[in-house]
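>>> only geometry, no sequence info:
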């Protein structure tokens with residue numbers, strides 16, 4: 001396998017047609033941080049008007065974000081709004097590619113959002129038990145919904161969960177809802193400890209095993225860790241190539257010389273692995 005091309009910060013050079021793998025949050029009231037995020041190597045930058053901004057800075061954050069997004073940006077930019085009242089200020093800006101909407105709990109919430117921003121991609125965040133129960137209804141509420149994800153900090157508080165494994169059922173629920181709605185696999189929520197990259201890597205490996213694809217980040221140093229966890233290893237790519245090369249559709253299931261069993265489902269996984277490996281340019 002050829003060496004994966006990388007940027008100076010360690011992130012891979014993604015093909016423009018490849019699905020996003022890293023989503024970097026930046027506080028909307030700090031335009032200088034947002035500008036750094038735009039050249040960080042993240043696939044998508046999310047300007048945060050919600051949790052990362054103090055209440056007395058909300059109005060400034062909205063104005064600063066509107067000024068920045070009046071022009072196209074080098075990477076796709078989403079905005080996590082604080083309230084739906086932010087949306088009319090943002091909806092028609094050339095630099096905006098999508099809205100991250102917190103605290104969506106019902107499909108009817110989506111219809112109200114579409115009225116405020118017709119034609120703009122929506123990414124609802126499911127942050128409480130009711131939202132998780134309605135995950136599929138939210139995911140299928142309108143074609144404007146392009147992806148769903150958990151807001152794990154708020155969900156953890158709502159459920160009173162103390163251990164990380166207490167969120168596993170909700171994680172599985174959102175993965176299944178996204179798949180059933182023909183949406184991309186959800187990205188994992190952020191890992192809040194930017195100093196513990198080993199824990200980040202372990203969490204990403206677990207998320208990948210659960211069916212997530214990629215992860216949101218709160219610091220650029222997390223981006224290469226997320227990419228390494230989610231991109232297939234050279235060994236995985238070689239194994240996938242062997243499966244695809246050995247597969248003979250008219251013969252059905254077969255066993256490879258090393259004992260691996262190959263059927264249509266295994267071949268489909270192999271094709272996905274190769275497609276993911278091809279995300280780099």
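All right, it came through fine. None of these values were measured; they are calculated from a predicted model. Numbering: from 1, shown residues only.

>>> isn't residue 200 right up against residue 222?
Yes. Residue 200 lies in contact with residue 222 (Cβ atoms under 8 Å); the separation is 5.9 Å. All C-beta atoms are positioned from the backbone trio N, CA, C, and that covers glycine.

>>> Which neighbours do the two have in common?
residue 191 (Cβ atoms under 8 Å, 6 or more residues apart in numbering).

>>> Low-confidence ranges, this protein, go.
Low-confidence segments of the chain, defined by pLDDT under 70: 1-8, 10, 12-18, 248-259, 280-281.

>>> ok, for the spatially most central residue of it, nearest residue in space, not its chain neighbours?
Geometric centre of the chain, nearest residue: residue 187, 3.1 Å, by Cα atoms, centre = their mean. Nearest residue to residue 187 in three dimensions, chain neighbours excluded: residue 214, at 4.4 Å (Cβ to Cβ, 6 or more residues apart in numbering).

>>> need the contact list for the one you found.
Residue 214 neighbours (Cβ under 8 Å, 6+ apart): 19-23, 43, 187-188, 226, 230.

>>> returning to what we had before: what's the distance between the residue nearest to the centre of the chain and residue 237?
Per Cβ to Cβ, to the nearest Å, residue 187 is found 22 Å from residue 237.

>>> do residue 98 as well
30 Å.

>>> Same check on residue 193?
The gap separating residue 193 from residue 237 is 31 Å, by Cβ to Cβ.

>>> quick one: which of the two has more around it?
residue 237 (18 against 11; other Cβ atoms under 10 Å).

>>> Validate this expectation: that one resides in a helix.
Yes. Assessed by DSSP: H, G, I helix; E, B strand; the rest coil, residue 237 belongs to a helix.

>>> Chain neighbours aside, what residue packs nearest to it?
residue 277 (4.8 Å).

>>> The one you found - how many residues pack around it?
Should you count by other Cβ under 10 Å, residue 277 turns out to have 18 residues around it.

>>> Now do the contacts for the closest residue to residue 54 other than its chain neighbours.
Counting by Cβ to Cβ, 6+ apart, residue 54 lies nearest to residue 29, which is 7.6 Å off, once chain neighbours are set aside. Residue 29 makes contact with 52-54, 57-58, 60-61, 64, according to Cβ under 8 Å, 6+ apart.

>>> 7 Å - rerun?
Applying Cβ atoms under 7 Å, 6 or more residues apart in numbering to residue 29 gives the contacts 53, 57, 60-61, 64.

>>> Correct me if wrong, but it is in a helix.
No. If the criterion is three-state DSSP, then residue 29 is coil and not within a helix.
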